[in-house]
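Engineer: Next come a sequence and a model predicted from it.
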Amino acid sequence: AQQYNNGSPGWSVMTESSLYNSMSTWGSNYLVANVWYTSHLWTHYRYTQDKEFLRKAFPVMWSCAEFWFHRLKSVNGEYLAPNEYSPEHGPSGEDGTAHAQQMISYLFQTLKDAIDILGANTLDISEADIEKLNDYLAKTDKGLATETCQRANNGVNYGDLLLREWKYSAHTRGELGHRHMSHLMALYPMDQITPESNFFEPAVNSLRHRGDVATGWSMGWKVNLWARAQDGDHAHIIIKNALKHSTTYGTDQGQGGIYYNLFDSHAPFQIDGNFGVCSGIAEMLLQSAHGYINILPALPAVWNKTGKVTGMKAMGNFTVDFNWADGKCQAAKIVSNAGAELKVRCNRGAMDIAKARITVDGKPVAVTVDEHGIATIPCAKDAIVEIDFTTETAIEAVAAESAKNGAIYDIQGRRVNEVASNQVYIQNGVKRVSK
């Protein structure tokens, strides 16, 4: 940090570094690798809900932010990363690339979230530190902007919206069909671009425009990106590309695949490709980065017939089992290992989740479902939630009946004269909670 950032506090690393305190100076203006490293600390917390781990990780994350507090420069009221790069093509040395801005703003947001979780008074930071973080969070360019396509490719036409890769340069400054998708960090592995976001379609257009040619870790990355794009069929195309036999040991981005020993071809070898494809398959079946568990978000048609998953982890420290037939989820079991709020979405259920029979520890429960089809299910630590998409809940039918005569029903559909404290009941067609 002191050598490459004018004596700044904090820390960073170069692109090529090792566990043995050594690194190369290749790409010496690519200093945002520190943010990428710290994002894994936050992801670990999101999966485990381990506050003690987060407390240990916080100083590393904060020190990383201090590096960027010092390095970012203010331009027209917003903070930009100077002299940046969008790996590994296009203009080098331009300020405010989407790649850097998306990651840095994500770091600031995760730090704010961590402070809210742990409590500012339990951390070695001052009110002035928090004010500085809030200022940088509010004013740092998020790296989310669009431009119109000026070079049609792969079904993306002139005038279609693309996610902007460089703040000042047009996409035509980059290599057509380059294997990396550096401006899509906010789609994956991070999570700022949701399916409901105005940037979702431009991001997917950018992914399609770039094409499928890849090697190594960029091959694995594209499986994950297409999964987040909720296009399982395209993700499956990349998986097939990743599993084709590679016939070269030279660096050729058109010759990605695997060797006979199943090592990924970059070439000659990049383990990231093997791990990345596995991650992508998981993302095709289950996603949880956007604050809810999404079951079968990107199931390809070739996997439609039947399938099941057991023991898959979701953020919030949930363990998820589910099965499907004819492309539709039949049932899911979710264990709440930490007692976090449970939200579930399944647009590929055998029936709408609002109608499915849902139980917690064997007892039927009433749930709320928002306009995006996300169900909020009340549950405590170690609770077992089961969703049966083949059996319709009796709650809605009972609600209709109760609306006619004002009678009170419990959630099993039985007419009752009174309801115990803090229990869900139905009267006049409305689900209520007794006092």
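Structural biologist: Sure, I can see it. Numbering: from 1, shown residues only.

Engineer: Quick check: end-to-end length of stretch 251-266?
Structural biologist: Length of stretch 251-266, first residue to last, CA to CA, to the nearest Å: 6 Å.

Engineer: from the middle of its chain, how far away would that stretch be?
Structural biologist: Relative to its parent chain, stretch 251-266 has a centroid offset of 27 Å by CA atoms, centre = their mean, to the nearest Å.

Engineer: Other residues contacting it?
Structural biologist: 178-179, 213-220, 241-248, 267, 269-274, 277 (CB atoms under 8 Å, 6 or more residues apart in numbering). Any C-beta I mention is one placed from the backbone N, CA and C, and that applies to glycine too.

Engineer: try it again with 10 Å
Structural biologist: Here stretch 251-266 makes contact (CB atoms under 10 Å, 6 or more residues apart in numbering) with 175, 177-180, 212-220, 222, 238, 240-250, 267-277.

Engineer: Next step: those restricted to strands.
Structural biologist: Among the contacts of stretch 251-266, none falls in strands (DSSP state E).

Engineer: Need the buried ones from the residues you listed selected in PyMOL.
Structural biologist: Listed next is the PyMOL selection for buried residues among the contacts of stretch 251-266, using 16 or more other CB atoms under 10 Å:
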select buried, resi 177+178+179+180+212+213+214+215+216+217+218+219+220+222+238+241+242+246+267+269+270+272+273+274+276+277
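
Engineer: among the contacts of stretch 251-266, which are in helices?
Structural biologist: 216-220, 222, 238, 240-242, 271-277 (DSSP state H).

Engineer: Just the buried residues of stretch 295-307, please?
Structural biologist: Neighbour-count burial for stretch 295-307 flags Ile295, Leu296, Pro297, Ala298, Leu299, Pro300, Trp303 (criterion: 16+ other CB under 10 Å).

Engineer: Likewise for stretch 250-260?
Structural biologist: Those would be Gln253, Gln255, Gly256, Gly257, Ile258, for stretch 250-260 by 16+ other CB under 10 Å.

Engineer: same question for that stretch, mean pLDDT?
Structural biologist: For stretch 250-260, the mean pLDDT works out to 82.

Engineer: now do the same end-to-end measure for that stretch.
Structural biologist: 16 Å.

Engineer: where along the stretch 201-350 of the chain do the strands fall?
Structural biologist: All strands of the stretch 201-350 of the chain, identified by DSSP state E, counting those that start in this stretch, fall at 257-258, 264-265, 286-287, 293-295, 306-314, 318-325, 328-336, 342-345.

Engineer: Verify the contact between Gly273 and Ile239 for me.
Structural biologist: No. Counting by CB atoms under 10 Å, Gly273 stays clear of Ile239, with 11.3 Å between them.

Engineer: Touching both of the two, which residues are there?
Structural biologist: Met219, Gly220, Val223.

Engineer: Using TSV, lay out the residues you listed together with distance to Leu111 and pLDDT.
Structural biologist: Listed next are the shared contacts of Gly273 and Ile239 as TSV, based on distance: CB to CB, whole Å; pLDDT from 0 to 100:
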residue	distance to Leu111	pLDDT
Met219	32	93
Gly220	28	95
Val223	30	98
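
Engineer: Between the residues you listed, which sits nearest Lys51?
Structural biologist: Gly220 (31.0 Å; CB to CB).

Engineer: Give the residue spans of this structure that score low on pLDDT.
Structural biologist: 1-2, 394-405, 409-422, 429, 434-435 (pLDDT under 70).
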